[in-house]
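# For reference, the sequence and a predicted model appear below.
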Amino acid sequence: MEESAINKDHYKRTVAGTGFTPDFLLATLVSICLFFPVGGNAGETLYRLVNDRAIAPLEHFRECEHCPEMIVMPPVTFMMGAIRGESRTPFNMYGPLDDTTLVPRVRGPDEINIIPSEHPRHPVKMDIPYAIARNETTRAEWMACVDDGGCTYVPDHWVLQPRGAHAPLGPNHPVINVSYLDVQEYVAWLNAQVGAKVYRLPTEAEWEYAARAGTQTRFAQGDDLTADQANFSRRGTEQLRRGVLMPNLVDRYQPVPVDKLDAANAWGVRHMSGNVKELTLSCWTDQHLGLATDSAYLANSRSQDSCKWGRRVSKGGGTITGWIIYGRRGVCVPWRQDVWKI
């Protein structure tokens, strides 16, 4: 389903999946967002689509009625991974447990917080021209694939609230509760719509580059986020800040529609923090691989027919997690996890 080489005159695309994991339920919800490399040589200012349309960096386009709206990413080098001490997590999750409470020990005031999976921080040259979807894939976009016979799975489209009530979601919410394998059907269907094998999942390098949008702060909007900029948890954030009350934040306990909130970064990509976690093509590793180029990350992902235990890197956090920096990495498994299991 994935393209084998970059064509100088035609673009390639990638697809990413997203999922959101409530911390009060034993459940994982997965939704997908689309990312794709575009054809052409790195450094060119124009690229050509399959339909011969010329596009420029940061230009928006949509190729077919049910295709996602895409944004062309400018090709430069960026620093991938977290800055030392960037995470505000107060607990030493990778050290010995507290002898009294048997929970992770709280870091001392002079201890630099380093989460091994977010390091080493290293430069990555984005040498594959690509574009990324402006929004997460919606339920309506997914159902277009189902209705056309391309996708065989119809996922549930509701979430459980803290007191057990079901909250139905609408057609413009991110599609949730789909697996990596389901996403592959959707990718194949999108490729059939444009007549070329161009859509695929992104590498984690492609995801982080698009999320940072040329910044090196905790978030593309700065070192802090407001409830108007991202859908994340007040409760989770207050826990991370060790009881500091943050009344300007909110707990929504469910995803918001993809066009809600002031969630776009400087390049126009939306909801890269919070709302739903996003799946990448990259297999999970305990630390960053430290590769020098995007093409090396892609080659590494393609060299593995399957990831160890099926684990792939997820990014972006969910609606009931606290602030999630772009360097943070999570793990997704390839199968569905039912949302109603508690």
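Thanks, I have the structure now. Everything numeric in this text was worked out from a predicted model, so none of it was measured. Numbering: from 1, shown residues only.
# Which stretches in the stretch 1-150 of the chain count as strands?
When assigned using DSSP state E, counting those that start in this stretch, the strands of the stretch 1-150 of the chain occupy the ranges 15-20, 29-37, 47-48, 54-55, 60-61, 70-72, 77-80, 91-97, 104-106, 122-125, 130-136.
# right, and Gly150 touches Val183 too?
No - using C-beta atoms under 8 Å, Gly150 is not in contact with Val183, being 11.9 Å away. All C-beta atoms are positioned from the backbone trio N, CA, C, and that covers glycine.
# quick one, which of the two is more surrounded?
For Gly150 against Val183, the residue with the higher neighbour count under other C-beta atoms under 10 Å is Val183, and the figures read 25 against 19.
# Quick check: mean pLDDT of whichever strand or helix holds the more buried one?
Counting by DSSP states H and E, the secondary-structure element that holds Val183 is helix 180-194. Helix 180-194 carries an average pLDDT of 90.
# for it, packing partners?
Packed against helix 180-194, as judged by 3 or more C-beta pairs under 8 Å, 6 or more residues apart in numbering; DSSP states H and E, are the following elements: strand 15-20, strand 29-37, helix 139-147.
# Now it: buried residues?
Neighbour-count burial for helix 180-194, with 16 or more other C-beta atoms under 10 Å as criterion, is recorded at 180, 182-191, 193-194.
# tell me the two of these that are most distant?
Every pair in the buried residues of helix 180-194 was compared (C-beta to C-beta); the two farthest apart turn out to be Tyr180 and Val194, at 21.8 Å.
# what residue ranges in the stretch 101-250 of the chain score low on pLDDT?
Low-confidence regions of the stretch 101-250 of the chain, defined by pLDDT under 70, span residues 102, 109, 112-113.
# if you go through it in chain order, where are the helices?
Counting by DSSP state H, counting those that start in this stretch, the stretch 101-250 of the chain has helices at residues 139-147, 180-194, 204-212, 234-240.
# now for the ones you listed, which one comes closest to Pro74?
Proximity to Pro74, assessed across the helices of the stretch 101-250 of the chain by C-beta to C-beta, is greatest for helix 204-212 (9.6 Å).
# now the angle from the closest one to strand 130-136?
With axes from the mean of the first three to the mean of the last three C-alpha atoms, to 10 degrees applied, the angle from helix 204-212 to strand 130-136 works out at 60 degrees.
# and helix 204-212, how far out from the chain's middle?
Taking the mean C-alpha point of helix 204-212 and that of its whole chain, the gap between them comes to 8 Å (C-alpha atoms, centre = their mean, to the nearest Å).
# Also stretch 74-86?
Distance of stretch 74-86 from the chain centroid (C-alpha atoms, centre = their mean) equals 16 Å.
# Extract the CA atoms of it and return them as CSV.
This file holds the C-alpha atoms of stretch 74-86, laid out as CSV (Å, rounded to 0.1, in the frame of the first residue of the first chain):
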residue,chain,number,x,y,z
PRO,A,74,8.2,23.6,3.8
PRO,A,75,11.4,21.4,3.6
VAL,A,76,14.0,22.4,6.2
THR,A,77,16.0,20.9,9.1
PHE,A,78,14.5,20.8,12.6
MET,A,79,15.5,19.6,16.1
MET,A,80,13.5,16.5,17.0
GLY,A,81,12.9,15.4,20.6
ALA,A,82,12.4,17.1,23.9
ILE,A,83,14.7,19.8,25.4
ARG,A,84,16.2,18.7,28.7
GLY,A,85,13.8,19.7,31.5
GLU,A,86,11.0,20.6,29.0
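# Now it: buried residues?
Neighbour-count burial for stretch 74-86, with 16+ other C-beta under 10 Å as criterion, is recorded at Pro75, Phe78, Met80, Gly81, Ala82, Ile83, Glu86.
# Stretch 291-301 now?
By neighbour count, and taking 16+ other C-beta under 10 Å as the criterion, the buried residues in stretch 291-301 are Leu291, Thr293, Asp294, Ser295, Ala296, Tyr297, Leu298, Asn300, Ser301.
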